[in-house]
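J.: Structure, please.
(one chain, ligands or ions: 1)
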Amino acid sequence: MNFGLTEKQIELRAKVRDFAEKEVKPVAAFNDEHEKFDVELTKKMGKLGLLGMCVPQEYGGQGLDTLSYIIAVEELARVDGSTAATIAADNSLGIGPIKEYGTKEQKEKYLPKLCKDHLWGFGLTEETAGSDSRGTKSTAKKVDNQWVVNGTKIFITNSATPMTLGSTIQVISGESNGKPEFTAFLIENDMPGFTQRPMDRKMMWRASNTGELKFNNVKLNDENILGKPGDGSHIMLATLDGGRLSIGAMGLGCAQGAFEMALEYSKQREQFGKPVCKFQAVSFMLAEMAMKIEAARELLYKACRMKDAHIPYGKQAAMAKLYCSQVAAEVCDKAVQVMGGHGLLKDFNMERFYRDQRILQIGEGTSEILKLVISRYIGC
Ligand SMILES: Cc1cc2nc3c(=O)[nH]c(=O)nc-3n(C[C@H](O)[C@H](O)[C@H](O)COP(=O)(O)OP(=O)(O)OC[C@H]3O[C@@H](n4cnc5c(N)ncnc54)[C@H](O)[C@@H]3O)c2cc1C
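T.: Numbering: from 1, shown residues only. Sure, this is the predicted structure:
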């Protein structure tokens with residue numbers, strides 16, 4: 001697992017694993033059952049340096065590379081998908097675009113708070129804009145030097161918690177050659193006309209916050225624009241490339257956690273006078289899981305290393321997201337099989353992993369969209 005990592009990355013893994021075992025694992029099932037977004041736990045993760053991991057130290061971040069961040073997400077997902085989702089969405093989707101495209105003033109205004117104890121959302125999806133983000137209907141119209149924003153966003157992670165400062169949103173800001181022009185705006189939660197509502201009753205990530213955002217004549221200034229007017233679509237889609245690595249890490253961590261649970265169980269559980277792992281049908285399932293997890297880790301870490309080396313990594317990010325989410329699905333399914341009826345009981349935790357993995361084939365590019373992306377990269 002640690003082959004090829006630096007001493008610092010190995011130390012970080014040990015630190016996050018220790019935190020995940022001691023602080024996250026004991027509350028994960030309760031938070032899932034009660035759909036509780038855990039503010040205290042999230043603040044503890046802020047203190048540990050898990051918010052703003054890749055933000056330069058001058059803005060209050062940890063100044064780490066992508067691979068280090070991905071290892072942290074993997075370790076959280078090894079015990080709980082919801083907690084991993086909070087950290088992954090905040091680092092890559094929330095903080096990521098401000099760090100990459102923000103002005104000095106925007107970075108100074110938001111990043112120190114976001115690296116400490118606040119969250120930020122990434123508002124792309126709408127009722128009419130899922131895989132096709134150009135289906136955005138929210139608008140920003142210039143009236144007397146101000147932008148007046150109207151519309152609705154759905155499914156926005158971390159956007160409606162008591163710790164949320166605001167969100168980046170894509171809106172139509174005009175027209176160019178008869179086509180809508182998209183702009184990204186930074187919008188703060190306490191702005192008049194802007195409301196947020198948690199979307200509950202999810203199958204998975206039940207302790208992660210998912211919000212619906214409504215804009216009713218919200219007045220923004222040019223200073224709220226992220227990047228340049230008209231660059232919105234590019235900013236949002238480029239952010240998703242990085243986000244795909246995070247989803248890959250969640251798939252990898254989820255698979256690792258499910259595998260470890262199933263392996264341990266199969267050594268304890270005896271039938272016909274011996275541990276069930278001694279039956280070849282069971283040990284072969286475990287062997288396949290172990291192999292696929294290793295392959296997934298190599299693919300994901302390679303994509304991270306390419307990003308850190310400033311080599312175009314879009315194809316590898318799409319492959320890593322697709323493959324890690326497929327491995328998570330397969331491993332969780334087989335892990336339930338290895339655990340028999342107990343794998344289906346909430347008290348045994350496997351059931352939560354089985355549910356949590358499902359979103360990974362949908363969020364930040366469905367598996368079908370990722371296959372389209374990869375097809376284009378390979379020249380189809
Ligand atoms: C818990 C959760 C958290 C989320 N967090 C965020 C967030 O923070 N920010 C945000 O902006 N969004 C977020 N999303 C939204 C998520 O990114 C979308 O759900 C996802 O992009 C898919 O869009 P959709 O659900 O509208 O599905 P659709 O786009 O309606 O897809 C339906 C089906 O059609 C298929 N399909 C669509 N187009 C094609 C095509 N061209 N070729 C082949 N098949 C196609 C899809 O693969 C899928 O199987 C979140 C979603 C969930 C559930």
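J.: Report how many residues lie close to residue 58.
T.: For residue 58, the count of nearby residues is 11 (other Cβ atoms under 10 Å). From N, CA and C alone the C-beta is placed, and that goes for glycine too.
J.: Retrieve the pLDDT associated with the nearest residue to residue 12 once chain neighbours are set aside.
T.: Once flanking residues are discounted, residue 12 sits nearest to residue 68: 5.4 Å by Cβ to Cβ, 6 or more residues apart in numbering. Model confidence at residue 68, given as pLDDT, is 98.
J.: Make sure residue 68 is indeed in a helix.
T.: Yes. Assessed with DSSP: H, G, I helix; E, B strand; the rest coil, residue 68 lies in a helix.
J.: how much space is there between it and the ligand?
T.: Computed with Cβ to the nearest ligand atom, to the nearest Å, the distance linking residue 68 and the ligand is 22 Å.
J.: ok, now residue 149?
T.: 16 Å.
J.: go on, residue 71?
T.: Taking Cβ to the nearest ligand atom, one finds residue 71 at 22 Å from the ligand.
J.: tell me the contacts of that residue?
T.: 5, 9, 12, 13, 16, 249 (Cβ atoms under 8 Å, 6 or more residues apart in numbering).
J.: Can you give me the neighbour number for the fourth one?
T.: Meaning residue 13. For residue 13, using other Cβ under 10 Å, the count is 18.
J.: Equivalent analysis for the second one, please.
T.: For residue 9, the number of neighbouring residues by other Cβ under 10 Å comes to 19.
J.: What is the helix or strand in which residue 100 is found packed up against?
T.: Per DSSP states H and E, residue 100 falls inside helix 96-101. Using 3 or more Cβ pairs under 8 Å, 6 or more residues apart in numbering; DSSP states H and E as the contact test, the elements touching helix 96-101 are helix 104-116, strand 179-188, strand 225-226, helix 232-268.
J.: hmm, 7 Å instead?
T.: Applying 3 or more Cβ pairs under 7 Å, 6 or more residues apart in numbering; DSSP states H and E, one finds that helix 96-101 makes contact with helix 104-116, helix 232-268.
J.: Now residue 98: closest residue in space that isn't a chain neighbour?
T.: residue 110 (5.6 Å).
J.: my bad, residue 345
T.: The shortest distance from residue 345 to any non-neighbouring residue, by Cβ to Cβ, 6+ apart, is to residue 351 (6.5 Å).
J.: just residue 203 next, same as before
T.: Closest to residue 203 by Cβ to Cβ, 6+ apart is residue 355, at 5.5 Å.
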